[in-house]
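Asker: turn this into a structure:
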Amino acid sequence: MPLVEALPSLTFLGHSTVLIELGGLRILTDPVLFDRVGLLRRVVNPLDPGLYARIDVALLSHLHRDHFDLASLRLLGQGVRLLVPAGASCPPAGPWSWARCHSPRLTLRTAASDRRSDPEQRRSAT
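Answerer: Residues are numbered from 1 along each chain as shown. Got it, this is the predicted structure:
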């Protein structure tokens, strides 16, 4: 009997933190897992630790403190790969000594486009 792959899912965990489950991977965006980061206070219920267990990849969109929380990253464990913005680095010693960081080159493509969103298309249509 063939195995049925689970459908992709997105779970909002608060602020900029989203759990993406896709193709057997568990990806967490900008992990903020505590009630407070700097001046930011969570307004959602406390998180069930099962939501951020067994994370394969943590994706950091940028390095502001409300998207890049070292304490939250440590909660994910040492096996988590970090995808970080170009130019960010994880030195071999210090607070990052446990991290495996990668700065991939990504090409973003628009999946669907409305020609009204392209200024050149708008000019030629009028």
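
Asker: V44 and V32 touch, don't they?
Answerer: No. Counting by CB atoms under 8 Å, V44 does not reach V32; the two are 10.4 Å apart. C-beta coordinates here come from the backbone N, C-alpha and C atoms, glycine included.

Asker: anything in contact with each of these two?
Answerer: G14 (CB atoms under 8 Å, 6 or more residues apart in numbering).

Asker: lowest-scoring secondary structure element of the chain by mean pLDDT?
Answerer: Between all helices and strands in the chain, the lowest mean by mean pLDDT, DSSP states H and E belongs to helix 119-125, at a mean of 52.

Asker: show me where pLDDT drops low in this protein?
Answerer: Applying pLDDT under 70 to the chain flags residues 1-5, 88-126.

Asker: which residues in it form helices?
Answerer: Applying DSSP state H to the chain gives helices spanning 70-76, 119-125.

Asker: enumerate the positions of the first one that are buried.
Answerer: Looking back up the chat, that one is helix 70-76. For helix 70-76, the neighbour count (16 or more other CB atoms under 10 Å) marks 72-73, 75-76 as buried.

Asker: now do stretch 11-22
Answerer: So for stretch 11-22, counting by 16+ other CB under 10 Å, buried means 13-19.

Asker: no more questions from me, cheers.
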